[in-house]
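>>> Next one to model:
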Amino acid sequence: MFDEPGLRYTHQAMRTTFEFFFPGQSPSQYQGIAEDCANELTDIELAISPYQEGSDIHRLNCASGTDEWVRIGWPTYTLLKLCQSLMFATNGAFSPFDGLRTMRVPGKVLDHQTNEILSQLDASEIDLNASISFRDDSPFARLAQGHIIDLGAIGKGWALDKCAALARDAGIERAFFHSGGSSMVAIGSPWPVTIPGTSENLMLSDTAMSVSRRINPDAGGVHIVSSNTTTDQSDVVARVIGASCAVTDALSTAAIVDNQSVKQLDENLDIKVVTLHTSNN
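The predicted structure follows:
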């Protein structure tokens, strides 16, 4: 990944490969923090994966439309509140509670239980504004009828933020974390990066970046779907740079759906949104 000595540590989670790189002449000194990060990823996946039976998200999805309040962990509660805020801010271009559509993207492999949940829900009438409710004083949430949560557009960024925080708390001054090459966090500077799907190169310093692409040949075609998606089959690659990888993940996805709406958030959220490429297929 980078042409310098250091510890390269990989970990499989959330159906992708996470990689941590700690530069230095004594790689073994970073083994402990790398393992801590891997354990953090495991804990996060157990909490937010819709495919993990008993996870917070799986239990919420199973209770969709039942009016049942589901107790979840405080970290999941915080993440879902962030999701709701970003959904409102992007006018639904980022819609993690619209999994009935996003989980049915061609080429997406689902387990039997998730298919069963999808088959029991009716997507004919979906009101994103009323998709999820929270209790203010305790970590309980409930999903409205017709909704299922898919955190594929934010979960990996959320996990990278947590790993980077662990590294910073351990005194790490320079490191690079990424998930599948499209979501990344740079600690220290400078870090040379090539944008996936393009030939653009740039340097990242103490920031996060996420890249999304509408047409993903490896996933069977159209990769990003939301309630706002039209039948336009043009390809779009967008990148967002900002302080939080969870936010950049969500907004790079939203920028594919409604780029202008997301760009209006630049100043308020201290982000930079760039549409890199469009072409007709």
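>>> so what pLDDT did the nearest residue to residue 88 once chain neighbours are set aside get?
Leaving aside its sequence neighbours, residue 88 sits nearest to residue 129 (Cβ to Cβ, 6 or more residues apart in numbering; 7.8 Å). The C-beta positions use only the backbone N, C-alpha and C, and glycine is treated the same way. pLDDT, residue 129: 72.
>>> what's the distance between residue 129 and residue 257?
Remark: distance between residue 129 and residue 257 (Cβ to Cβ, to the nearest Å) = 17 Å.
>>> Looking at the two, which one has more neighbours?
residue 257 (25 against 9; other Cβ atoms under 10 Å).
>>> measure the closest residue to that one other than its chain neighbours to residue 272 for me?
In this structure, residue 257 finds its nearest non-sequential neighbour in residue 93, 4.1 Å apart by Cβ to Cβ, 6+ apart. Per Cβ to Cβ, residue 93 is found 17 Å from residue 272.
>>> Burial check on residue 36, number of neighbours?
Neighbour tally, residue 36, other Cβ under 10 Å: 15.
>>> a helix runs through it, doesn't it?
Yes: membership of residue 36 in a helix is supported by DSSP: H, G, I helix; E, B strand; the rest coil.
>>> and it, what does it touch?
Applying Cβ atoms under 8 Å, 6 or more residues apart in numbering to residue 36 gives the contacts 166, 170.
>>> picking that back up, where does the residue nearest to residue 257 fall, secondary structure wise?
Using DSSP states H and E, residue 93 sits in no helix or strand.
>>> can you tell me how far it sits from residue 52?
27 Å.
>>> Could you list every helix and strand in contact with the helix or strand hosting residue 248?
Residue 248 belongs to helix 245-257 when assigned by DSSP H and E. In this structure, helix 245-257 packs against helix 74-89, helix 155-169, strand 183-187, strand 207-213, strand 235-242, helix 259-263, strand 272-279, with contacts taken as 3 or more Cβ pairs under 8 Å, 6 or more residues apart in numbering; DSSP states H and E.
>>> low-scoring stretches of the stretch 51-200 of the chain, by residue?
For the stretch 51-200 of the chain, the stretches with pLDDT under 70 are 99-114, 116-128, 196-197.
>>> can you do 80?
By pLDDT under 80, the low-scoring segments of the stretch 51-200 of the chain are 98-129, 146, 195-200.
>>> Do a quick rundown of the strands in it.
70-71, 132-134, 140-143, 175-179, 183-187, 191-194 (DSSP state E, counting those that start in this stretch).
>>> closest to residue 16 out of these?
Among the strands of the stretch 51-200 of the chain, strand 175-179 comes nearest to residue 16, with 5.6 Å by Cβ to Cβ.
>>> I figured residue 46 hits residue 55, correct?
Yes: using Cβ atoms under 8 Å, residue 46 is in contact with residue 55, at 6.0 Å.
>>> If you count surrounding residues, which of the two has more?
Using other Cβ under 10 Å as the criterion, residue 46 and residue 55 rank with residue 55 on top: 20 against 14.
>>> which non-adjacent residue is nearest the more buried one?
That would be residue 49: by Cβ to Cβ, 6+ apart, it lies 5.3 Å from residue 55.
>>> contacting residues for that neighbour?
14, 55, 57, 58, 155.
>>> about what we covered before: want to throw the strands of the stretch 51-200 of the chain into TSV with mean neighbour count and distance to residue 3?
Converted to TSV, the strands of the stretch 51-200 of the chain look like this (neighbours: other Cβ atoms under 10 Å; distance: least, Cβ to Cβ, whole Å):
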stretch	mean neighbour count	distance to residue 3
strand 70-71	15	48
strand 132-134	16	45
strand 140-143	20	46
strand 175-179	24	13
strand 183-187	24	16
strand 191-194	16	9
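>>> Just tell me which of those ends up closest to residue 21.
Of all the strands of the stretch 51-200 of the chain, the one in closest proximity to residue 21, counting by Cβ to Cβ, is strand 175-179 (4.6 Å).
>>> between the closest one and strand 183-187, how big is the angle?
170 degrees (axes from the mean of the first three to the mean of the last three Cα atoms, to 10 degrees).
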